[in-house]
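*Asks:* With the input below, show me the fold.
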Amino acid sequence: MNYRQMTAPCGLDCFNCPVYLANENEDLRAKISKGLRIALEDAVCRGCRDEQGSPKFLNWSQPCNVYRCITTRGLNFCSECSDFPCDYLHPYADRASEVPHNTKVFNLCLINKMGLESWAKAKAKSVKHTYFKEKFRLS
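*Replies:* The predicted structure follows:
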C-alpha cells in the first residue's frame, strides 16, 4: 500500500477510514449510505489525495483548507510546514465523538517520530481505537 497517498496531509489515515473501506465492502457501504443519508454510490471515498481534498461523500463544493494549503506550499504533510501546527489543524469538540479529526496533530507527530510506514502499520489503527473506544485516564 502507498501510505503517503493513503494518508491525508492533515494526518488522517484514509486506509483505516470506514468510507474508504466501503469501496470493497458492500455491507459497510450500505451502513454508511443509511447512516449519512446519502446514495449508495456516494458512500465511498478513494482517500483525501485522490479526491483532491474534497471527498464526494461529504458533498463539498471545494477542497478543505488543509488540502489547499498543502497543495499551494508543495508539502506532503502539515508537519513539514514551518507554521505547524496552525489553526487549520485546530481540534473542535463539535462531533468529536463521531469523527477522527481531533487526532490529526497527534498522528502527524507520530509520523515524524516513527516514520510514515511504521506509524501506518503499527500505530494508526490503535490511535483511532483509543480515541473512540478507550476511557480517559491520567496514567
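*Asks:* Was I right to think Tyr96 contacts Asn102?
*Replies:* Quick fix: residue 96 is Ala, not Tyr. Yes: counting by CB atoms under 8 Å, Ala96 touches Asn102, with 5.4 Å between them. Yep, even glycine has a C-beta here, placed from its N, CA and C like the rest.
*Asks:* Helices of the chain, residue ranges please.
*Replies:* 18-21, 26-36, 65-73, 104-114, 116-122, 124-133 (DSSP state H).
*Asks:* Give me the contacts around the first one.
*Replies:* Same thing as helix 18-21. Helix 18-21 is contacted from outside by 6, 14, 28, 32, 43-47, 55, 57, using CB atoms under 8 Å, 6 or more residues apart in numbering.
*Asks:* Could you export the helix or strand bottoming out on mean pLDDT in the chain as CSV, CA atoms only?
*Replies:* Counting by mean pLDDT, DSSP states H and E, the chain has its least confident helix or strand at helix 124-133, which shows a mean of 92. C-alpha atoms of helix 124-133 as CSV (Å, rounded to 0.1, in the frame of the first residue of the first chain):
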residue,chain,number,x,y,z
ALA,A,124,-2.6,4.4,13.2
LYS,A,125,-5.3,1.9,13.9
SER,A,126,-4.7,1.9,17.6
VAL,A,127,-4.8,5.7,17.7
LYS,A,128,-8.3,5.6,16.3
HIS,A,129,-9.3,2.8,18.6
THR,A,130,-8.0,4.7,21.7
TYR,A,131,-9.8,7.9,20.6
PHE,A,132,-13.2,6.3,20.1
LYS,A,133,-13.2,3.3,22.5
